[in-house]
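**Student:** Starting from these lines, generate the structure:
(chains A, B, C and D)
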There are 2 protein chains.
Amino acid sequence: MNIKAVAKLANVSTATVSRTINGSPKVSPDTAARVRKAMETLNFVLNTNARALGSGRSNLLGLIISDITNPFFPELVKAFEDIAVSQGKEVLIANTDYDPDRTMHCVTRMLQRKVDGVAIMTSEISEHVISFFLKRKIPVVFLDTGEPAPGISRINIDYPAGVEMAMHYLTQLGHKDISFISGPLNLNSARTRYQAFMESSAREHLSAKAEYVQEGNHRPDGGYRAMQRILALEHRPTAVLTSNDLTAIGAMGAIFEAGLRIPQDISIIGFDDIQLSAFTEPPLTTVRIPHKDVARTAIEALLGTQDLPSKEPRDGAQYKIQPIFVPRRSAGPIPGEAHSLKRRRADRLHV
Amino acid sequence: MNIKAVAKLANVSTATVSRTINGSPKVSPDTAARVRKAMETLNFVLNTNARALGSGRSNLLGLIISDITNPFFPELVKAFEDIAVSQGKEVLIANTDYDPDRTMHCVTRMLQRKVDGVAIMTSEISEHVISFFLKRKIPVVFLDTGEPAPGISRINIDYPAGVEMAMHYLTQLGHKDISFISGPLNLNSARTRYQAFMESSAREHLSAKAEYVQEGNHRPDGGYRAMQRILALEHRPTAVLTSNDLTAIGAMGAIFEAGLRIPQDISIIGFDDIQLSAFTEPPLTTVRIPHKDVARTAIEALLGTQDLPSKEPRDGAQYKIQPIFVPRRSAGPIPGEAHSLKRRRADRLHV
DNA sequence: CTGTTAGCGCATTCAC
DNA sequence: GTGAATGCGCTAACAG
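**Tutor:** Residues are numbered from 1 along each chain as shown, chains lettered A, B, ... in the order given. Below you'll find the model as predicted:
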């Protein structure tokens, strides 16, 4: 059941079948119809491997992420996939699990399958690894860090701005002692957020005690443990900013277990705005990374201007994405002050 | 940079290169070494498309799921992928999004890429669709429903047992008025759990008021809304069982907003045991579906039926997986009773 | 508009 | 052990 069988049944050549499959305009409508009917009756399914081999194009877009288990990524993956499919592309996903060996394996897979482009959404990847793509002239788009270069575009999320929004919100509420629970500091992505916090903290002239910064692991258990350490401090902070929502959720558990209330006793703010954050108790105030924008931008960068309505440059483009502050109920005035919140807050079902 | 270039550099034929790549024992150690060195210096990467075309085998395992955004699935995907990779296979993932059209598209993708087997982890798929795989003798393993058949294995999670454990736990705590928030009842997977509840409810002689069962959507917002409806009832239940953890988390939000306490005023139990469930406040009592077992079993079923010489499709096996009850803190004695919990409960960091 | 032909890169008979 | 030759299913010139 290959193209030849279809050709025979439709009384045409394989070339004509191939043309109708690919929607070539130079096929007469009725032969096309005949071919389509033949495909139908034969239950013909195109062999993508053969097509890729023959044409050189795979119609595959690679997507490398750190850990599918972090809820931020599935949402990103879904958006990426939706847009890719709408552009006639497919997506090959690979998890690095923060492991260099495994990362190399992911890259090899991408190379083996001859992807038309790769979006690298984990910053834990060496420049050496990227060179594998560049040598083969495979477009690369990066999330998070660094400068654009020939053949490689960058999407930078404005972490400093995001952190600044959160910090400003807290200071406005009277907070002066603000803690930070970072991600694993051996990861670039986590360090970026950490540095943004340190800078913002200095800018606001806050007490930057070393013990106010605790390292987590971007998962709830790390946030839980880090928060326990913070709660054990002699001078406890009145607010905590976390490197991602999962960390915040873990931290909230530790706060409740200590018999404290959120936000009356301690305020907490997350980062990412995963779906669940609207449904924690209290709903989590957070800084949203607009994942649909990230996905759209990544695909735009990969495919260039031809296939998408926008007319951005293709090579070495740089995109900056602004996070969005989402005030919910986990952050409030400092204890003892009846500061009334002016800004509208989001509820569970809306923004 | 193909096999031919390697062959030339190593002074051998392409056949020999192919053999050393595939670890054929009939290659002399030192020619193999020479070939490997040549591959190294040329940065040779195998073209998987060509290999699949030439050999007929793709080394790809398909995995069809409903919605990557539901946290249960990433955990499953990860386990599946880990095991597949350890077996020298790769994984092609596809989301149906509960959409029949999109489901058909997923199946087509699998067929096009010539997968060696497919694990279908969504029950929303018609028998007609499966026939596409069976006709091509592609092994299929199903999660959730139905009987095994030639060429198709089934993994059944013992939902009735899981529901029974939860119900028994609640009745033991004195609960008689137990609500259920189902998933979307047009989905088989949701209906299965719903029916298990109804049967268990009848068995325990509980008040099976129609309004005690509310339909959700397996996402937090559905649980939230369904819970609001339940709380508006004149005779409010003392406990709620939900069709999955996400639903439970949404429901908890509604309970708190109504000014009620968990579990003092109302108990709640989830289903799945996603990672986050240990970190809700209070930690969610739930029924765990052991996703690693599911993944391992699925791959076993696929690989076991694959490389067999028989041309007739082998009869599919049937596997039954037992859920595990995970008592945490969201379920307690009925209001007003000082019933003390005998059983040990899991904390946030352990089981 | 349509057919013919020659690869794409690899696995796999067969010979040697 | 190794090499030469054939074909997997499709696309892409090039003719007509």
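
**Student:** Now look at stretch A:200-216 and say if it contacts chain B.
**Tutor:** No. On the criterion C-beta under 8 Å from any C-beta of the partner chain, stretch A:200-216 is out of touch with chain B, staying 12.5 Å away. C-beta coordinates here come from the backbone N, C-alpha and C atoms, glycine included.

**Student:** tell me which parts of chain A are close to DNA strand C?
**Tutor:** By the rule C-beta under 7 Å from any atom of the strand, the part of chain A lying against DNA strand C is A:11-16, A:19, A:26-28, A:31-32, A:50, A:53-54.

**Student:** now for the residues you listed, which pair is the farthest apart?
**Tutor:** A:Ser28 and A:Leu53 (28.5 Å; C-beta to C-beta).

**Student:** So if I had to pick from the two, which one is more boxed in?
**Tutor:** Just comparing A:Ser28 and A:Leu53: by other C-beta atoms under 10 Å in any protein chain shown the higher neighbour count belongs to A:Leu53, 19 against 10.

**Student:** By mean pLDDT, flag the weakest helix or strand of chain A.
**Tutor:** Within chain A, no helix or strand scores below helix A:127-135, which has a mean of 87 by mean pLDDT, DSSP states H and E.

**Student:** roughly how far is that one from the heart of the chain?
**Tutor:** For helix A:127-135, the gap between its own C-alpha mean and the chain's C-alpha mean amounts to 21 Å (C-alpha atoms, centre = their mean, to the nearest Å).

**Student:** what does the stretch 151-300 of chain A put close to chain B?
**Tutor:** So the stretch 151-300 of chain A meets chain B at A:219-221, A:224, A:246, A:249-250, A:252-253, A:256-257, A:275-276, A:278-283 (C-beta under 8 Å from any C-beta).

**Student:** can you pick the most crowded of the residues of chain A next to DNA strand C?
**Tutor:** Neighbour counts for the residues of chain A next to DNA strand C peak at A:Thr16, which has 22 neighbours (criterion: other C-beta under 10 Å).

**Student:** Tell me who's in contact with that residue.
**Tutor:** By C-beta atoms under 8 Å, 6 or more residues apart in numbering or on different chains, A:Thr16 lies in contact with A:Ala7, A:Ala10, A:Val27, A:Thr31, A:Val35.

**Student:** that's a strand at it, yeah?
**Tutor:** No. A:Thr16 sits outside any strand when classified using DSSP: H, G, I helix; E, B strand; the rest coil, being helix.

**Student:** I'd like to know how far it sits from A:Leu46.
**Tutor:** Distance of A:Thr16 to A:Leu46, computed by C-beta to C-beta, to the nearest Å: 15 Å.

**Student:** A:Val141 contacts A:Leu303, doesn't it?
**Tutor:** No. Counting by C-beta atoms under 8 Å, A:Val141 stays clear of A:Leu303, with 10.1 Å between them.

**Student:** Common neighbours of these two, please.
**Tutor:** In terms of C-beta under 8 Å, 6+ apart, A:Val141 and A:Leu303 are both contacted by the residues A:Gly117.

**Student:** Which of the residues of the stretch 151-300 of chain A next to chain B fall in helices?
**Tutor:** Counting by DSSP state H, those place A:Pro220, A:Asp221, A:Tyr224, A:Leu246, A:Ile249, A:Gly250, A:Met252, A:Gly253, A:Phe256, A:Glu257 in helices.

**Student:** Make TSV from those residues and add distance to DNA strand D, neighbour count and pLDDT to it.
**Tutor:** What follows is these, written out as TSV (distance: C-beta to the nearest atom of the strand, whole Å; neighbours: other C-beta atoms under 10 Å in any protein chain shown; pLDDT from 0 to 100):
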residue	distance to DNA strand D	neighbour count	pLDDT
A:Pro220	47	27	94
A:Asp221	49	18	94
A:Tyr224	53	24	95
A:Leu246	43	31	96
A:Ile249	47	26	96
A:Gly250	49	30	95
A:Met252	53	29	96
A:Gly253	53	25	92
A:Phe256	58	16	91
A:Glu257	60	17	89
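
**Student:** Can you pull the residues of chain A lying near DNA strand D?
**Tutor:** Counting by C-beta under 7 Å from any atom of the strand, chain A sits next to DNA strand D at A:2-4, A:14-15, A:18, A:21-22, A:44, A:46-47, A:50-51, A:53-57.

**Student:** So which residue is smack in the middle of chain A?
**Tutor:** Among the residues of chain A, the one closest to the centroid is A:Leu76, at 4.8 Å (C-alpha atoms, centre = their mean).

**Student:** Let me see the mean pLDDT of the strand or helix carrying that one.
**Tutor:** Applying DSSP states H and E as the criterion places A:Leu76 in helix A:72-86. Averaging pLDDT along helix A:72-86 yields 94.

**Student:** same check, this time on stretch A:274-291
**Tutor:** For stretch A:274-291, the mean confidence score works out to 94.

**Student:** Using PDB, list the CA coordinates for that stretch.
**Tutor:** Presented in PDB, the C-alpha positions along stretch A:274-291 are these (Å, rounded to 0.1, in the frame of the first residue of the first chain):
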ATOM      1  CA  ILE A 274       0.600  27.500  36.100                       C
ATOM      2  CA  GLN A 275      -3.000  26.600  35.900                       C
ATOM      3  CA  LEU A 276      -3.200  25.300  39.400                       C
ATOM      4  CA  SER A 277      -2.100  28.500  41.000                       C
ATOM      5  CA  ALA A 278      -5.500  29.900  40.700                       C
ATOM      6  CA  PHE A 279      -6.800  27.000  42.800                       C
ATOM      7  CA  THR A 280      -4.500  26.900  45.700                       C
ATOM      8  CA  GLU A 281      -5.800  28.200  49.100                       C
ATOM      9  CA  PRO A 282      -5.400  31.100  49.100                       C
ATOM     10  CA  PRO A 283      -5.100  31.600  45.300                       C
ATOM     11  CA  LEU A 284      -1.500  32.300  44.500                       C
ATOM     12  CA  THR A 285      -0.300  35.800  43.600                       C
ATOM     13  CA  THR A 286       2.200  35.300  40.900                       C
ATOM     14  CA  VAL A 287       4.100  36.600  37.900                       C
ATOM     15  CA  ARG A 288       2.900  35.000  34.700                       C
ATOM     16  CA  ILE A 289       5.100  33.900  31.900                       C
ATOM     17  CA  PRO A 290       2.800  34.100  28.900                       C
ATOM     18  CA  HIS A 291       3.600  30.700  27.600                       C
END
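
**Student:** circling back to that earlier point, Serialize the ones in helices among the residues of the stretch 151-300 of chain A next to chain B to CSV and add fields for distance to B:Thr122.
**Tutor:** Formatted as CSV, these follow (distance: C-beta to C-beta, whole Å):
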residue, distance to B:Thr122
A:Pro220, 27
A:Asp221, 30
A:Tyr224, 33
A:Leu246, 26
A:Ile249, 27
A:Gly250, 30
A:Met252, 32
A:Gly253, 32
A:Phe256, 36
A:Glu257, 37
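
**Student:** Next one, pLDDT for A:Pro149 please.
**Tutor:** In this structure residue A:149 is Ala, not Pro. For A:Ala149, pLDDT reads 81.

**Student:** Compare A:Val141 and A:Leu303 (neighbour count), which wins?
**Tutor:** A:Val141 (23 against 20).

**Student:** Quick one: residues contacting the more buried one.
**Tutor:** A:Gly117, A:Val118, A:Ala119, A:Ile120, A:Ile152, A:Ser153, A:Arg154, A:Ile155, A:Ala298, A:Ala301, A:Leu302.

**Student:** same thing but 6 Å
**Tutor:** Residues near A:Val141 by C-beta atoms under 6 Å, 6 or more residues apart in numbering or on different chains: A:Ala119, A:Ser153, A:Ala298, A:Ala301, A:Leu302.

**Student:** go on, A:Pro220?
**Tutor:** Going by C-beta under 6 Å, 6+ apart, the list of residues near A:Pro220 reads A:Leu246, A:Ile249, A:Gly250, B:Phe279.

**Student:** Could you verify my assumption that A:Thr285 touches A:Ile269?
**Tutor:** Yes. Shown here, A:Thr285 and A:Ile269 form a contact pair, counting by C-beta atoms under 6 Å, at 5.0 Å.

**Student:** can you give me the strands for chain A?
**Tutor:** For chain A, the strands defined by DSSP state E occupy A:60-65, A:90-95, A:117-120, A:140-143, A:152-157, A:178-182, A:213-215, A:239-242, A:267-272, A:285-288, A:318-321, A:324-326.
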